[in-house]
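**Student:** here are the coordinates; sequence isn't available:
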DNA sequence: CCAATGCCGTTTCATACGTTACAGAGAAAG
DNA sequence: CTTTCTCTGTAACGTATGAAACGGCATTGG
């Protein structure tokens, strides 16, 4: 009767996190990262995983209000039972009263779901085919915040194929790149709300040269969509003063995953060659991603 | 190779159900009904729940191919870990039911929810305070795929405060930056699975100089976590050959939103000054973000 | 009806487990 | 610089745990 554990142990852990000593926080993090499996192991295993000693584990669960380790495990198991029985058991008190983190999580997830649900599969498949075509060169362009997305996209695409290039640096130098664009090539543009004029003009000129444009934009559609071959609208509003790029990133990862899957033979051989070339400093072999 | 448990234990149990004696079937049914929690209890508890004796339990798990009860529990925990990490437990009947887009959306949303739910609020708040402190300089560092995240983070942070810098270029040039790091400064590192050695060594040296390190890593914790002041574990597994950065990006946006909100007076005046300075080419006034 | 065999629980035992006490290291305060 | 206090790992302890031996019981075949 010492303590009533109505709320979850994870929550209790987070609540009293600042009461913990530095060494006690290590197993706390390990437990939260591998919840709740780490806590179902023996004290010795749990301690070894967190790289602390056994007594530290016991002191930790003591601070959580448990009088013994078995009692702690019992509580974990009961919680796990409830969690597995009702799969969508969200935190019961999760009304709109949740903190910013919870509200952000919900908003972002809604954006992702709506974005992917509303996306025409034909459009998606066409973009996949375009980006997987080895004969085309892929150019990527983004504005203030789109730049980083272009970089992320490139980092993956470069593994899968040759001819991937991010247009960066000062906009004044972009026209030079414009010369390289041909009707065979693809320009991927990231342009959301408060559409950047320099990005827009570049895209329009590229379109004039016949380049295929793939546009990531928000639900209100950048003006580039008028000249784009394929437009991918993404939901971006969240309870923040800023817009969210999470749904955009998700879409990027979906494209990468699909390209990798659908053209796996080519991708595989390329990745294997890459691994052979890339001698890691410590000599450890790289696994397939 | 005493026992290879490629398929799930539950399936193995059903397969060899008719080889069991009547009394052995009782705990088998109990385990399947309360899977896998019942098997994670002690032999005595499991036996009591199934109303059989201890040795019956041991004979049962012996027939499943395990040489000891702890080995059986270990297998259960590993299976549970895999199940909780990639929640394909959703729509179990619809194995390949949804297409890749839907499965990605679900997985990514789960990652986001779990990541934010398990995040200690104290840790989050400490990072916010650190990044909002105008007296500290913020350095950002990322590996192959983390680089883009660092860039995205910087693009926002630069609006909110001065002294934000991404460490980029060849790793050989990084030591020069190391000289600038002081105990007052903050190093934000992105390091996930297949942790990059050059990133690790840089972080370790920075820590040796007393720099506060904020680490974004996966649930298996980069070795940098040992020297980091604050570790933010993120779930990254999706039904793809690649890992996902979506939850990491969400966390970044949560940080930005919170910093903006909590230190709004400073942020607001800074944004207004920025707008005054930034003469948009078409003369259109910029709105507040 | 009897004997044999397979099945299951009770008892016993060794071990590994959780637990406690203690001492050393390190930081904070004087 | 010294003292005090907090924190953390080592070591020792008692116990509960998993595992093995044994015996009774029911079922089956003769």
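**Tutor:** Okay, I see it. This one's a predicted model, so the numbers in the text were calculated from it and none came from an experiment.
**Student:** Please list the outside residues in contact with the longest helix along chain A.
**Tutor:** Counting by DSSP state H, the longest helix found in chain A is helix A:100-118. Applying CB atoms under 8 Å, 6 or more residues apart in numbering or on different chains, the contact partners of helix A:100-118 are A:91, A:94, A:96, A:98, A:233-240, A:244, A:246-247, A:250-251, A:254, B:101-102, B:104-105, B:108-109, B:112-113, B:116-117, B:119, B:121, B:124, B:246, B:250, B:253-254, B:257-258, B:261. Quick note: C-beta positions are derived from backbone N, CA and C, even for glycine.
**Student:** Among the residues you listed, which lie within helices?
**Tutor:** Secondary structure defined by DSSP H assigns A:246-247, A:250-251, A:254, B:101-102, B:104-105, B:108-109, B:112-113, B:116-117, B:121, B:124, B:246, B:250, B:253-254, B:257-258, B:261 of the contacts of helix A:100-118 to helices.
**Student:** near chain B, anything from the lengthiest strand in chain A?
**Tutor:** If you go by DSSP state E, chain A has its longest strand at strand A:212-218. No - legend: contact between strand A:212-218 and chain B by CB under 8 Å from any CB of the partner chain is lacking; minimum distance shown is 13.8 Å.
**Student:** Can you give me the distance of the residue of the stretch 101-250 of chain A found nearest DNA strand C to residue A:56?
**Tutor:** Residue of the stretch 101-250 of chain A nearest DNA strand C, by CB to the nearest atom of the strand: residue A:101 (29.5 Å). Distance, residue A:101 to residue A:56, by CB to CB, to the nearest Å: 28 Å.
**Student:** residues in contact with the longest strand of chain A?
**Tutor:** Strand A:212-218 is contacted from outside by A:127, A:130-131, A:136, A:146, A:149, A:183, A:185-193, A:203, A:206-207, A:222, A:224-225, A:227-236, A:243, A:248, A:251-252, using CB under 8 Å, 6+ apart.
**Student:** now do stretch A:51-62
**Tutor:** By CB under 8 Å, 6+ apart, the residues outside stretch A:51-62 that reach it are A:20, A:23-24, A:26-28, A:43-44, A:46-47, A:50, A:69, A:72, B:226.
**Student:** near DNA strand C, from the residues you listed?
**Tutor:** Residues of the contacts of stretch A:51-62 in contact with DNA strand C (CB under 7 Å from any atom of the strand): A:43-44, A:69.
**Student:** Which of the contacts of strand A:212-218 fall within helices?
**Tutor:** Per DSSP H, the subset of those in helices is A:127, A:130-131, A:146, A:149, A:203, A:206-207, A:248, A:251-252.
**Student:** of the contacts of helix A:100-118, buried ones?
**Tutor:** Among the contacts of helix A:100-118, those classed as buried by 16 or more other CB atoms under 10 Å in any protein chain shown are A:233-236, A:238, A:240, A:244, A:246-247, A:250-251, A:254, B:101-102, B:104-105, B:108-109, B:112-113, B:116-117, B:119, B:124, B:246, B:250, B:253-254, B:257-258.
**Student:** re earlier: next one: the longest helix of chain A to chain centre, how far?
**Tutor:** Computed by CA atoms, centre = their mean, to the nearest Å, the separation of helix A:100-118 from the middle of its chain amounts to 13 Å.
**Student:** If you compare the directions of it and helix B:100-118, what angle comes out?
**Tutor:** Counting by axes from the mean of the first three to the mean of the last three CA atoms, to 10 degrees, helix A:100-118 lies at 180 degrees to helix B:100-118.
**Student:** for the record, mean pLDDT for helix A:100-118?
**Tutor:** Taken as a whole, helix A:100-118 has an average pLDDT of 89.
**Student:** circling back to that earlier point, most surrounded residue in the ones in helices among the contacts of strand A:212-218?
**Tutor:** Top of the ones in helices among the contacts of strand A:212-218 by neighbour number is residue A:248, holding 30 neighbours under the definition other CB atoms under 10 Å in any protein chain shown.
**Student:** Quick one: buried ones out of the contacts of stretch A:51-62?
**Tutor:** By neighbour count, with 16+ other CB under 10 Å, the contacts of stretch A:51-62 hold A:20, A:24, A:26-28, A:43, A:46-47, A:50, A:69, A:72 as buried.
**Student:** contacting residues for the nearest residue to residue A:137 once chain neighbours are set aside?
**Tutor:** Closest residue to residue A:137 in three dimensions, ignoring its sequence neighbours and counting by CB to CB, 6 or more residues apart in numbering or on different chains: residue A:163, at 4.0 Å. By CB under 8 Å, 6+ apart, the contact list for residue A:163 reads A:134, A:136-138.
**Student:** Which of those fall within strands?
**Tutor:** Within these, residues falling in strands by DSSP E are residue A:138.
**Student:** May I ask which helix or strand encompasses residue A:23?
**Tutor:** Using DSSP states H and E, residue A:23 sits in helix A:22-33.
**Student:** neighbouring contacts of that helix?
**Tutor:** Helix A:22-33 has contacts (CB under 8 Å, 6+ apart) with A:10, A:13-14, A:17, A:20, A:38-39, A:46-47, A:49-52, A:56-57, A:59-60, A:63, B:118-120, B:219-221, B:225, B:231, B:233.
**Student:** In strands, which of these fall?
**Tutor:** Among the contacts of helix A:22-33, the members found in strands (DSSP E) are B:231, B:233.
**Student:** Pull out the buried members of the contacts of helix A:22-33.
**Tutor:** For the contacts of helix A:22-33, a burial check counting by 16+ other CB under 10 Å picks out A:10, A:13-14, A:17, A:20, A:38-39, A:46-47, A:49-50, A:52, A:56-57, A:59-60, A:63, B:118-120, B:219, B:221, B:225, B:231, B:233.
**Student:** Filter those to keep only those in contact with DNA strand D.
**Tutor:** Taking CB under 7 Å from any atom of the strand as the test, DNA strand D is in contact with A:52, A:56, A:59 out of the buried ones among the contacts of helix A:22-33.
**Student:** What parts of the stretch 101-250 of chain A come near chain B?
**Tutor:** Checking the stretch 101-250 of chain A against chain B by CB under 8 Å from any CB, the hits are A:101-102, A:104-105, A:108-109, A:112-113, A:116-117, A:119, A:121, A:124, A:144-145, A:147-149, A:151-152, A:155-156, A:194, A:197-198, A:238-246, A:249-250.
**Student:** That concludes my questions; thank you for your assistance.
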